[in-house]
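Asks: Next come a sequence and a model predicted from it.
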Amino acid sequence: KGVVVFLHGSGDTGAGFRRWVAEASGGKFEKRLEEKGITVIFPTAKPRPYSLSYGSMASVWHDRKGLGPQYPEDVDGIKGSLKSLEDDCLKKLAEQGVPVVIGGFSMGGHMAFHVAFPSKMDRAESSEDGNTEPKRKLNVCGCFVMSSYLHSDSALYAVKQDGKGTHKDIPIQMTHGTSDELIPQKW
């Protein structure tokens, strides 16, 4: 009936995040969705050097030069992770035409926004005819983001402002705890 793609935060893996979600929900999260015919996928980011870990290799969706919205987005890293997600699961889901809810925690939430609301920056390189439309037609019907933020220079702000494309009606659920010491609510 549908698929939830749930992206982990920086330094975690899909398997590790899946275990955490199962523990936090008492095993009910996936079980209740499966009872309704909904599959949950927990992809893993490809390891890359991560500046916030002194350049050591980490499973992160993109690099961060600093923590906070004032630092620029890692455009190349985001594009690389979008390509990896495309190859690992999104292309197949688009071909199947199944409804997809994309979500994530922390950095995974940031990537979920990029999957659900692709900007020109996120799209594959333009074709020879100048077309910058996404090559996939993923049936995104919702986006949820937990304890995350967008960078001040994010290309996604332009997507919201121009309102073009089929993604403008996708509902967003964004949550954030009041005791998060890493990502302040005001971001």
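Replies: Yep, that arrived.
Asks: Would you map the strands across the protein?
Replies: For the chain, applying DSSP state E gives strands covering 2-7, 38-41, 47-50, 56-59, 100-105, 140-146, 172-175.
Asks: Need the winner for burial among those.
Replies: Of those, the one with the most neighbours on average (mean count of other Cβ atoms under 10 Å) is strand 100-105, at a mean of 25. (Glycine included, C-beta is placed from N, CA and C.)
Asks: Report all helices and strands that it contacts.
Replies: When contacts are defined as 3 or more Cβ pairs under 8 Å, 6 or more residues apart in numbering; DSSP states H and E, strand 100-105 sits against strand 2-7, helix 107-116, strand 140-146.
Asks: Contacts for the second one, please.
Replies: It refers to helix 107-116. Helix 107-116 is touched from outside by 5-10, 17, 60-62, 64, 78, 81-82, 85, 90, 102-104, 122, 138, 140, 142-150, 156, 167, 170, 172, 174, with contacts defined as Cβ atoms under 8 Å, 6 or more residues apart in numbering.
Asks: try the shortest one
Replies: For strand 2-7, the surrounding residues in contact (Cβ under 8 Å, 6+ apart) are 17-18, 21, 33, 37-43, 45, 61, 85, 89-90, 93, 98-105, 107-109, 111-112, 115, 141.
Asks: For the chain, name the helix or strand with the lowest mean pLDDT.
Replies: Within the chain, no helix or strand scores below helix 156-162, which has a mean of 63 by mean pLDDT, DSSP states H and E.
Asks: For the residue nearest to the spatial centre of the chain, which non-adjacent residue is spatially closest?
Replies: Closest to where the C-alpha atoms of the chain average out (Cα atoms, centre = their mean) is residue 112, at 2.1 Å. Nearest non-adjacent residue to residue 112, counting by Cβ to Cβ, 6 or more residues apart in numbering: residue 104, 4.0 Å away.
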